[in-house]
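J.: sequence and predicted model, in that order:
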Protein chains: 2
Amino acid sequence: MHFGTVAHAGTTRAAALTCDGWRALAAPTARHDADAPYAAASPTADLSAFLAAGGTLGADTPLAEVLEGATVRAPLPRPAKVICCGLNYGEHIRETGRDLPSHPTLFVKYADSLVGPTDDVSLPSGTDVDWEAELAVVVGATIRSADRETAAAAIAGYTVANDVSVRDWQYRTLQWFQGKAWDDSTPTGPVVVTPDQVDPGAGLTITCRVNGEEVQRDSTVTLVFDSADLLAYISTFTTLRPGDLVLTGTPGGVGVARDPKRFLADGDVLETEVEGIGLLRNVIRLTDHTA
Amino acid sequence: MHFGTVAHAGTTRAAALTCDGWRALAAPTARHDADAPYAAASPTADLSAFLAAGGTLGADTPLAEVLEGATVRAPLPRPAKVICCGLNYGEHIRETGRDLPSHPTLFVKYADSLVGPTDDVSLPSGTDVDWEAELAVVVGATIRSADRETAAAAIAGYTVANDVSVRDWQYRTLQWFQGKAWDDSTPTGPVVVTPDQVDPGAGLTITCRVNGEEVQRDSTVTLVFDSADLLAYISTFTTLRPGDLVLTGTPGGVGVARDPKRFLADGDVLETEVEGIGLLRNVIRLTDHTA
């Protein structure tokens, strides 16, 4: 089943994409944790709230009414943690002459960074904006110090992301964070596909296009650290909870590694696709920021 | 006035330290933002909830009952963003022979990393655990693309933190995050002091002691990027909101820079103090983790 968050009748809803179109998810019957982030929200207000309230994604997730005219939004609007892995596609690492890493390189974004599958990416003009097509993992259970098997069982599903990066800010200092965590910069979606429907370990084609020209293509089978590896590793030092998002890294072909370097311009159309999950299509909007 | 979060009668409360001892804060009258994180919590459940609900800290903050027998906890238990600056004490940077940086080096922790002023710091045995005494800034208003003046006005107060770091994990890869964001590793508190009561720009002595031996001493007057600089800079790329926490960096004297290197052992007592704010006293607990 494909799950997501949709806008409908002036609000948002957690929903599933069925033969009848988008249908609302029924409220989970699991016990609600009053201490959980966003516990105030209705448990069916969006997929973040649904997972935080104990909802699970699968063929037996109870559905409610059809949502006529629903439009798709960012599937996880409010993850407490958005953790990203760099340097994780083996073929790309080998072609740059480096050894495969023994540990994943990790950095973060915020929920504020995320936009939906057709939203604009809004960044300041005069910056070096680059693309990074990625497979993203949605956490479905609370884990800490998890082994690989436990981590694999904690995967609620997969979605598509583009870790759009502001390269000049990323390389101002040794730490990438300030080039990675811009508000409204990271397209996600369009849906979350459950692990029984799609297997990145078997190889899903991941592609990125700028104005229709393909700039990245690889297969998720070449990931050095797969989704379960990453969740287990991260859970060694911090707790992962339902609705958290882990971005698994990007293949070769980014603009900053080209000769000459190539960056995104205002009005460029950025398309990001993972086979079996879906397509993001976002327009780059570079405008004057005040600071 | 000194503000904090205390445990009292089986729950936690946002409170102020007065001549009568800890007194509860009255609920803020500001409009409650239902979309804000943790909007479900009572607005006086802790200082995070109080600030998120529109409460402000100052001499005129309305107080309620005296909380007999209250014990102090981490003042901000649930910041959505905990952003840290590295390499920010001028004397220390100059003594290492480096030029002063033109941009702050930024990385993050999570709310899960934070513990209170007398809580244990819990980390795995066999890791290289180091101290970093720091002044921390509590954000009191929502800002984006703020200039220095706006950023200065958005400072709710100051607290003390120790950015305890797991050096071997910090240096496993180029990105420090995995050595910085361990759950239950970062002491904070004991109180939040408002800017009318304490001025880091005038020079506050910051010290760190291990088992009574002083290992760090400097003055906040030597900070390269002061609190307003950091809030303004961060707000260029992401929104800061009431209750968010910014750690301003540590002076010289950390264990990893010593010859020979020196790290914390199980049972060590770590004391962190900023003049005019207060003292953290935490025991290091290094135990076997399962992963």
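T.: Ah, there it is. Residues are numbered from 1 along each chain as shown, chains lettered A, B, ... in the order given.

J.: only C-alpha atoms from now on, for both contacts and neighbour counts.
T.: Fine.

J.: quick check: longest helix in chain A by residues?
T.: Across chain A, the helix with the greatest residue count (assigned by DSSP state H) is helix A:227-237.

J.: put the alpha carbons of that helix into PDB.
T.: Listed next in PDB are the C-alpha coordinates belonging to helix A:227-237 (Å, rounded to 0.1, in the frame of the first residue of the first chain):
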ATOM      1  CA  SER A 227      18.500   1.100   5.600                       C
ATOM      2  CA  ALA A 228      18.700  -1.400   8.400                       C
ATOM      3  CA  ASP A 229      22.400  -0.700   8.800                       C
ATOM      4  CA  LEU A 230      21.800   3.000   9.100                       C
ATOM      5  CA  LEU A 231      18.900   2.700  11.600                       C
ATOM      6  CA  ALA A 232      20.900   0.300  13.800                       C
ATOM      7  CA  TYR A 233      24.000   2.500  13.700                       C
ATOM      8  CA  ILE A 234      22.100   5.700  14.500                       C
ATOM      9  CA  SER A 235      20.200   3.900  17.300                       C
ATOM     10  CA  THR A 236      23.500   3.200  19.000                       C
ATOM     11  CA  PHE A 237      23.700   6.900  20.100                       C
END
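
J.: name the residues that touch that helix?
T.: For helix A:227-237, contacts defined as CA atoms under 8 Å, 6 or more residues apart in numbering or on different chains pick out A:104, A:137, A:143-152, A:155, A:240, A:246, A:248, B:178, B:181-183, B:291.

J.: could you point out the helix or strand that follows that helix?
T.: strand A:245-247 (DSSP states H and E).

J.: list the helices and strands the helix or strand following that following strand packs on?
T.: Beyond strand A:245-247 on the C-terminal side, the first helix or strand identified by DSSP H and E is strand A:269-274. The contact analysis (3 or more CA pairs under 8 Å, 6 or more residues apart in numbering or on different chains; DSSP states H and E) places strand A:269-274 against strand A:133-139, strand A:155-162, strand A:205-210, strand A:278-287.

J.: swap in 7 Å and give it another go.
T.: The elements that strand A:269-274 packs onto, with contact taken as 3 or more CA pairs under 7 Å, 6 or more residues apart in numbering or on different chains; DSSP states H and E, are strand A:155-162, strand A:205-210, strand A:278-287.

J.: in its sheet, what does that strand sit against?
T.: Strand A:269-274 has the following strand partners under DSSP bridges: strand A:205-210 (antiparallel), strand A:278-287 (antiparallel).

J.: quick one: the helices in the stretch 51-200 of chain A?
T.: Counting by DSSP state H, counting those that start in this stretch, the stretch 51-200 of chain A has these helices, from start to end: A:90-95, A:148-153, A:167-170, A:177-180.

J.: redo the strands paired with strand A:269-274 as a markdown table? Include distance to residue A:170 and mean neighbour count.
T.: A markdown table is the format used below for these (distance: least, CA to CA, whole Å; neighbours: other CA atoms under 10 Å in any protein chain shown):
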| stretch | distance to residue A:170 | mean neighbour count |
| --- | --- | --- |
| strand A:205-210 | 21 | 21 |
| strand A:278-287 | 17 | 20 |
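
J.: which one of those strands lies closest to residue B:265?
T.: Residue B:265 sits nearest to strand A:205-210 of all the strands paired with strand A:269-274, at 46.2 Å, using CA to CA.

J.: ok, and what's touching that closest one?
T.: With contacts defined as CA atoms under 7 Å, 6 or more residues apart in numbering or on different chains, strand A:205-210 is touched by A:133, A:214-220, A:268-275.

J.: now the buried members of these.
T.: Of the members of the contacts of strand A:205-210, the ones counted as buried by neighbours, 16 or more other CA atoms under 10 Å in any protein chain shown, are A:133, A:215-220, A:269-275.

J.: using TSV, please lay out the strands paired with strand A:269-274 together with mean pLDDT.
T.: Below are the strands paired with strand A:269-274 laid out as TSV (pLDDT from 0 to 100):
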stretch	mean pLDDT
strand A:205-210	98
strand A:278-287	98
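
J.: okay, the ones you listed in a markdown table with distance to residue B:128 next?
T.: As requested, those are exported to a markdown table (distance: least, CA to CA, whole Å):
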| stretch | distance to residue B:128 |
| --- | --- |
| strand A:205-210 | 39 |
| strand A:278-287 | 42 |
